[in-house]
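Q: Quick one: sequence and predicted model below, then my questions.
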Amino acid sequence: MHPDRLMLALLFLLVPCLVLKWREETPGAFAVILERLRHECDPANPDADYSRAQSTLPTERKREAIIAECRSTGRGLLPEVRRALALERDAELRGMLCIIAAALGDEAALKEACQEMVWSEHPAVRISAARTLRRLKDRRCVEWYLTALQDGHFVVNGACGTLREKFYPVRSLAQMALQEAVKDGALGRVEVARIRAGIDGRPPYDAEQKRLELEALVREEMRRNSTR
């Protein structure tokens, strides 16, 4: 084969491969964020293993920090998030990317983030979605919050104390978001009635107040045990 033709044939093969490789890479600072997020979604990560845990795991705090970093960067990050989302195949990581996109103001991702809050099989994804959606204060989330009131994931508060109780993080976030929606006065009477019916029997949960009360009870129990 003539050398020129050989070079031309190689170019036809190499150029598409290089273009595809470039498209698969996530450029810019978001690449570092994406790797951190990928680590949090790794099944081998002990900080995200809910199979045996009955307490809040570090991955929840780390995911919240990642979302906060993306929000502080601003909407300019959104094209890279969308690009990563289009290429990603892992369900948990896709869920987190949808939540980040919604946090950055992507209207198309809002419903997907609501679905992740209710349907994701990963507790950390549901918690991240509930926190992000609560911040957005979008009335379109109301129906999804009502469904999230039935979320089954719980942690056990009380550490090693004798007084222990179940705390449902997604339920609590959904309930607080609904109560805030009613308080803001942006909903109609019918919607308010449905919300009140949905949370009926579930008193407001002030997490900090509950924590302080629980710690006081544990200290009192330890004091009693020490005097016996």
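A: All right, it came through fine. These figures come from a predicted structure and were not determined experimentally.
Q: From here on, just use CA atoms for contacts and neighbour counts.
A: Noted.
Q: okay, now A101: neighbour count?
A: Applying other Cα atoms under 10 Å, we find 28 other residues in the vicinity of A101.
Q: Correction: the previous question concerned R89.
A: R89 has 10 neighbouring residues, counting by other Cα under 10 Å.
Q: Same check on R140?
A: That count, for R140 with other Cα under 10 Å as the rule, works out to 11.
Q: what does the one 5 residues further on give?
A: Close neighbours of Y145, defined as other Cα under 10 Å, add up to 27.
Q: What's the separation between it and Y168?
A: Distance, Y145 to Y168, using Cα to Cα, to the nearest Å: 14 Å.
Q: Confidence-wise, which helix or strand of this structure is lowest on average?
A: Least confident helix or strand of the chain, by mean pLDDT, DSSP states H and E, is helix 3-24 with a mean of 55.
Q: Following that one in sequence, what is the next regular element?
A: helix 30-40 (DSSP states H and E).
Q: which regions of the protein lie under the pLDDT threshold?
A: Residues of the chain meeting the criterion pLDDT under 70: 1-28, 53-54, 158-164, 186, 198-228.
Q: Show me the helices in it, by range?
A: With helices called from DSSP state H, the chain shows them at 3-24, 30-40, 58-73, 78-87, 91-103, 107-119, 123-136, 142-148, 169-184, 189-198, 207-227.
Q: so what secondary structure elements neighbour the third one?
A: With contacts taken as 3 or more Cα pairs under 8 Å, 6 or more residues apart in numbering; DSSP states H and E, helix 58-73 sits against helix 30-40, helix 91-103, helix 123-136.
Q: Between helix 78-87 and that helix, find me the angle.
A: 140 degrees (axes from the mean of the first three to the mean of the last three Cα atoms, to 10 degrees).
Q: number of nearby residues for S72?
A: A count of neighbours around S72, defined by other Cα under 10 Å, yields 11.
Q: again, but for A84
A: Neighbours around A84, by other Cα under 10 Å: 22.
Q: just E107 next, same as before
A: Counted with other Cα under 10 Å, residues neighbouring E107 total 11.
Q: What is the neighbour count of the closest residue to E88 other than its chain neighbours?
A: Of all residues not flanking E88 in the chain, R94 sits nearest, at 6.2 Å (Cα to Cα, 6 or more residues apart in numbering). Using other Cα under 10 Å, R94 has 20 other residues around it.
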